[in-house]
Structures are given as structure tokens and as C-alpha cells.
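J.: Everything below, folded, please.
(one chain, ligands or ions: 1)
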Amino acid sequence: MTTVDESAGTNSDGEKVRPGRTLERSGGTSRIDVEGVGGDLADVPFPDLVAEMIRRLGDNPAREGLLKTPERVEKSLQFLTRGYALSAEETVGDALFAERHHNMVIVKDIEMYSLCEHHMLPFFGKVHIAYIPDGNIVGLSKVARLVEVFARRLQVQERLTEEIAQSLWEVIQPQGVGVVIEAHHLCMMMRGVEKQNSWTITSAMRGAFLEDARTRDEFLRLCMSDHRPLR
Ligand SMILES: [Zn+2]
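T.: Residues are numbered from 1 along each chain as shown. Okay, here's the model as predicted:
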């Protein structure tokens with residue numbers, strides 16, 4: 001894990017560091033002093049950082065095919081991480097409706113694309129969400145939008161699942177919430193163990209889905225039924 005040290009003062013070697021300027025890897029074995037690589041990276045335009053990355057990877061950012069790549073990468077990454085600028089409360093807005101329906105509502109197969117925070121490579125798949133209302137129902141399209149709020153960030157699948165469940169739990173205040181995510185991880189498929197066909201399933205439950213095994217089983221059966229493997 002890489003952390004950006006925001007605190008002013010001295011680092012563990014007693015060297016003076018300025019706020020937000022030292023990138024420190026856990027274990028402290030490889031420390032990158034931003035000062036040492038040519039000044040304050042915070043002031044470097046994003047496309048220049050990408051161009052430098054391309055250079056260090058061994059290609060020439062000035063060749064024709066790569067000329068506009070740094071700008072494209074910036075736009076692309078801003079889009080893929082736009083969840084940082086979104087909140088669950090604003091996303092659901094006033095799409096909460098009083099309703100005395102007390103049966104399980106399931107939204108299946110919501111497409112999900114995210115970036116793993118360890119490699120910044122995509123993981124993608126499907127999200128299945130269920131809740132049992134307790135006076136409020138939420139617009140169905142808002143449920144899908146809520147997935148975007150948390151998926152469009154640097155993530156791990158486990159936390160993504162928890163954050164979706166917790167935000168529904170807080171915003172709708174239902175009797176229970178269940179969230180299941182099944183996803184492929186490109187960091188496993190393209191690198192590392194190169195397991196092309198493995199997929200990861202995570203779940204998070206709140207309220208009735210935790211307390212009542214029949215409710216949980218009904219949800220899992222309905223969301224995993226007629227299951228087609230991801231392509
Ligand atoms: Zn990864």
C-alpha cells in the first residue's frame with residue numbers, strides 16, 4: 001500500500017519532509033522523495049505525468065500514436081473515478097417514496113465497472129441488490145446510480161459491496177438489505193496468477209438479511225438463479 005504522508009515534520013529517518021510531498025511505501029523500503037525527482041509533482045499537469053510514465057515504460061510519448069494519449073488518459077481516469085465527487089444522499093435525492101409494500105425488492109444484474117486500488121486495473125461484473133422496505137421504496141434507477149457512486153473510485157470488491165449495502169441501509173432505512181457482487185479482476189487475469197476464468201463473489205447483508213436465514217436464502221437463490229457466467 002502506498003500512502004501519501006500529509007503531515008509536516010520529519011520522517012522516520014529524521015529527514016525534513018514537507019506536507020503532502022513524500023510518497024512512502026509501507027515497510028519503508030522504497031521511499032520516493034518527490035523533491036529528488038525534479039520538484040513538486042503537485043504542480044505538474046496531469047498529462048505530463050502520463051507522458052513521463054510512458055517514457056519510463058520504454059516508449060516515446062512524442063510518437064504520433066501517443067501524442068494525444070496523456071490528455072486522453074487524464075479524461076478517462078477522471079471519468080473512471082468520478083464517484084469521489086458523488087454522494088449517496090445526493091444521488092438518491094428525493095426519489096424516496098412512502099409505500100407500504102413489505103416484500104423483497106430485487107434489482108439484479110446491475111453492470112459494474114471499477115478500478116482495483118492495488119493495481120489501478122479494472123474489475124467488472126454484476127451487482128445484485130435486494131431490500132425489504134419499511135415504509136420507503138426508492139426509484140429503481142437510483143439503485144443502479146448508487147452503484148456508480150462507489151464503483152467509480154479506487155476500490156476493493158469487499159469494500160464496494162459493504163459501502164453499497166451501508167448506503168442503502170442508511171438512505172432507505174429498510175428492514176433489511178442484501179448486496180452480492182460477482183466480478184472478474186483484470187489484475188488477476190492479465191498479471192500475477194493469470195487466472196483467466198476465476199471470478200470473485202462478495203456479499204454484504206444488513207438487518208433482516210443477517211438475522212433471518214430464510215430471507216437471506218431467498219435473496220441468494222433469486223439473484224443467483226438462471227446464472228450465466230460472465231463473459
Ligand atoms: Zn488488483
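J.: Quick check: which ranges of the protein have low pLDDT?
T.: Along the chain, segments meeting pLDDT under 70 span 1-39, 193-196, 225-231.
J.: Are the longest helix along the chain and the ion in contact anywhere?
T.: When the chain is scanned for its longest helix (criterion: DSSP state H), the result is helix 157-172. No. Counting by CB under 5 Å from the ion, no contacts exist between helix 157-172 and the ion, the nearest distance being 9.7 Å. (Glycine included, C-beta is placed from N, CA and C.)
J.: how about that helix: buried residues?
T.: 157, 160-169, 171-172 (16 or more other CB atoms under 10 Å).
J.: immediately after that helix, which helix or strand?
T.: Going down the chain from helix 157-172, the next helix or strand is strand 176-185, by DSSP states H and E.
J.: Tell me the residues of the chain that contact the ion?
T.: Neighbours of the ion within the chain, by CB under 5 Å from the ion: 116, 118, 119, 187.
J.: and with 8 Å instead?
T.: Residues of the chain lying close to the ion by CB under 8 Å from the ion are 116, 117, 118, 119, 120, 121, 123, 185, 186, 187, 188, 192.
J.: Can you say which helix or strand has the last one in it?
T.: Residue 192 belongs to no helix or strand when elements are defined using DSSP H and E.
J.: Let me know how buried it is, in neighbour terms.
T.: 11 (other CB atoms under 10 Å).
J.: Ok, the second one next?
T.: Other residues near residue 117 number 13, with proximity taken as other CB under 10 Å.
J.: Tell me how far the closest residue to it other than its chain neighbours lies from residue 120.
T.: Closest residue to residue 117 apart from its sequence neighbours, by CB to CB, 6 or more residues apart in numbering: residue 154 at 3.8 Å. When distance is defined by CB to CB, to the nearest Å, residue 154 is 7 Å away from residue 120.
J.: the more surrounded of the two?
T.: Shown here are residue 154 and residue 120; by other CB under 10 Å, residue 154 has more neighbours (15 against 12).
J.: Hmm, residue 115 and that one touching each other?
T.: Yes. Contact criterion CB atoms under 8 Å: residue 154 and residue 115 qualify, at 5.5 Å.
J.: Quick check: neighbours shared by these two?
T.: residue 81 (CB atoms under 8 Å, 6 or more residues apart in numbering).
J.: which residue ranges form the strands in the protein?
T.: 2-5, 9-10, 16-17, 22-25, 31-33, 96-99, 105-116, 122-132, 135-138, 154-155, 176-185, 200-207 (DSSP state E).
J.: Could you single out the most deeply buried of these?
T.: Ranked by mean neighbour count under mean count of other CB atoms under 10 Å, the strands of the chain are led by strand 176-185, which reaches a mean of 24.
J.: Roughly how far does residue 55 sit from residue 119?
T.: Computed as CB to CB, the residue 55 to residue 119 distance reads 20 Å.
J.: out of these two, which sits in the busier spot?
T.: Each of residue 55 and residue 119 has its neighbours counted (other CB under 10 Å); residue 119 has more, 16 against 12.
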